[in-house]
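[1] Take a look and give me a structure for this.
(one chain, ligands or ions: 1)
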Amino acid sequence: MYPLHRPRRLRTTPAMRRLVSETEVRPRQLVLPMFVKEGLAEPAEIASMPGVLQHTRDSLRKAAVEAVQAGVGGIMLFGVPAERDAVGSGATDPDGILNAALADLRSELGDSTVLMSDCCLDEFTDHGHCGVLAADGTVDNDATLEVYGEMAVAQARAGAHVVGPSGMMDGQIAFIRNALDAAGLTGTGVLAYSAKYASAFYGPFRDAVESQLSGDRKTYQQDPANAREAIREVQLDLAEGADMVMVKPALLYLDVLRSVAEVSDVPVAAYQISGEYAMIEAAAANGWIDRERSVLESLTSIRRAGADIVLTYWAVEAARWLDR
Ligand code: PBG
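    Prediction:
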């Protein structure tokens with residue numbers, strides 16, 4: 001008796017494997033998250049994210065141009081302000097670091113890439129929460145929406161093509177859409193961080209933005225135990241006018257990503273977050289895994305699970321590998 005079925009036939013040669021490969025990762029699908037810090041003299045490496053920098057306004061421009069030349073599909077910008085306060089004033093100030101740097105990038109890059117901005121208060125508040133606080137210390141959803149609306153308008157005016165609300169406030173997509181439209185910014189898109197989980201893997205990011213958070217975000221970010229809730233969040237964001245939806249983190253939530261991809265009628269993004277980056281970098285630095293193969297396998301898996309767009313700190317390097 002011989003085996004009736006031999007799946008190995010489709011794996012015999014590189015040419016055969018290339019022919020039958022189902023999933024492709026292309027540079028244009030990758031978005032590079034970048035950090036710019038106010039008042040910084042020299043770019044500084046983030047200790048828990050080896051290879052990732054806090055940029056000065058100047059080094060940001062140069063690195064962004066290189067990223068676009070490498071073929072990445074977009075840039076997601078985060079700002080690290082010099083001063084923070086209870087309401088995150090730096091976020092709505094047109095001269096605030098994030099808005100100023102968005103203007104730099106838009107004037108440098110024009111429409112040659114898709115410029116996205118983190119529309120969230122945690123980098124700008126002295127308590128480190130993603131919204132403003134009520135008198136009892138809880139995050140005040142509706143008061144936060146007012147600030148998000150202003151922040152989105154400031155970012156769009158500064159040059160963002162797409163704003164990315166990542167604070168998980170209820171109603172944030174509709175509120176921001178309405179604020180943009182009322183300001184005449186009908187062409188600015190909204191990338192909804194729809195299913196964002198309260199993850200331990202954001203740790204290195206909090207170093208990157210020098211977060212002042214004590215406590216956690218469990219009253220607004222989702223419980224890692226819940227999958228069904230992600231679909232509800234996505235459906236609400238779609239109904240509120242999201243142009244794209246996102247699942248975050250990526251690798252630990254591939255099941256969620258798959259279900260979101262099945263229900264979404266807009267492009268689906270996944271954010272391969274700081275802790276996913278740090279894990280692979282740390283293991284590779286120890287010689288425990290092969291760095292390039294691990295990175296590309298992780299990106300392939302995220303695409304296979306259903307992401308059209310992947311935010312990844314390896315975007316530029318991966319783009320170069322993929323173009324080789
Ligand atoms: C909030 C925000 C966070 C990340 C992106 N946007 C941090 C958080 O929710 O605590 C995390 C990204 C990463 O870990 O790479 N503005």
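
[2] got the contact list for residue 132?
    86-88, 121, 125, 139-140, 143-144, 147 (C-beta atoms under 8 Å, 6 or more residues apart in numbering). In short, each C-beta sits where N, CA and C put it, glycine included.

[3] cool, and residue 76?
    Taking C-beta under 8 Å, 6+ apart, one finds 31-34, 116-118, 164, 311 in contact with residue 76.

[4] at 7 Å what do you get?
    Shown in contact with residue 76 (C-beta atoms under 7 Å, 6 or more residues apart in numbering): 31, 33, 116, 118, 164, 311.

[5] my guess is it is in a strand, correct?
    Yes. Assessed with DSSP: H, G, I helix; E, B strand; the rest coil, residue 76 lies in a strand.

[6] circling back: output the contacts of residue 76 in a markdown table, with distance to the ligand, neighbour count and pLDDT appended to each entry.
    Shown next, in a markdown table, are the contacts of residue 76 (distance: C-beta to the nearest ligand atom, whole Å; neighbours: other C-beta atoms under 10 Å; pLDDT from 0 to 100):
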| residue | distance to the ligand | neighbour count | pLDDT |
| --- | --- | --- | --- |
| 31 | 12 | 25 | 98 |
| 33 | 6 | 24 | 98 |
| 116 | 11 | 25 | 98 |
| 118 | 5 | 26 | 98 |
| 164 | 8 | 27 | 98 |
| 311 | 8 | 26 | 98 |
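
[7] and residue 115, how far is that from the ligand?
    Distance of residue 115 to the ligand, computed by C-beta to the nearest ligand atom, to the nearest Å: 16 Å.

[8] Tell me, how many residues neighbour that residue?
    23 (other C-beta atoms under 10 Å).

[9] So for it, what's the nearest residue that isn't a sequence neighbour?
    residue 161 (5.0 Å; C-beta to C-beta, 6 or more residues apart in numbering).

[10] For that neighbour, give me its contacts.
    Here residue 161 is in contact with 114-116, 188-189 (criterion: C-beta under 7 Å, 6+ apart).

[11] Redo these as JSON lines? Include distance to residue 99 and secondary structure.
    Listed next are these as JSON lines, based on distance: C-beta to C-beta, whole Å; DSSP: H, G, I helix; E, B strand; the rest coil:
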{"residue": "114", "distance to residue 99": "17", "secondary structure": "strand"}
{"residue": "115", "distance to residue 99": "12", "secondary structure": "strand"}
{"residue": "116", "distance to residue 99": "14", "secondary structure": "strand"}
{"residue": "188", "distance to residue 99": "14", "secondary structure": "coil"}
{"residue": "189", "distance to residue 99": "17", "secondary structure": "strand"}
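
[12] In the stretch 1-150 of the chain, what residue comes closest to the ligand?
    With C-beta to the nearest ligand atom as the measure, residue 120 is the residue of the stretch 1-150 of the chain nearest to the ligand, at 3.6 Å.

[13] Near the ligand, which residues of the protein are found?
    Counting by C-beta under 6 Å from any ligand atom, the chain comes close to the ligand at 118, 120, 122, 130, 166, 202, 205, 217, 273-274.

[14] residue ranges with poor pLDDT in the stretch 51-200 of the chain?
    Judged by pLDDT under 70, the stretch 51-200 of the chain has no weakly predicted residues.

[15] Give me the contacts around the strand or helix carrying residue 245.
    Using DSSP states H and E, residue 245 maps to strand 244-248. Contacts to strand 244-248, defined as C-beta under 7 Å, 6+ apart, come from residues 191-197, 230, 234, 237-238, 253, 256-257, 260, 264, 266-271, 273, 309.

[16] got the contact list for residue 232?
    Residue 232 touches nothing, counting by C-beta under 7 Å, 6+ apart.

[17] helix, strand or coil for residue 184?
    coil.

[18] re earlier: from the contacts of strand 244-248, which land in helices?
    230, 234, 237-238, 256-257, 260 (DSSP state H).

[19] Buried subset of the contacts of residue 132 as a ChimeraX selection?
    A single ChimeraX command selects the buried members of those (16 or more other C-beta atoms under 10 Å):
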select :87,88,121,125,139,140,144,147
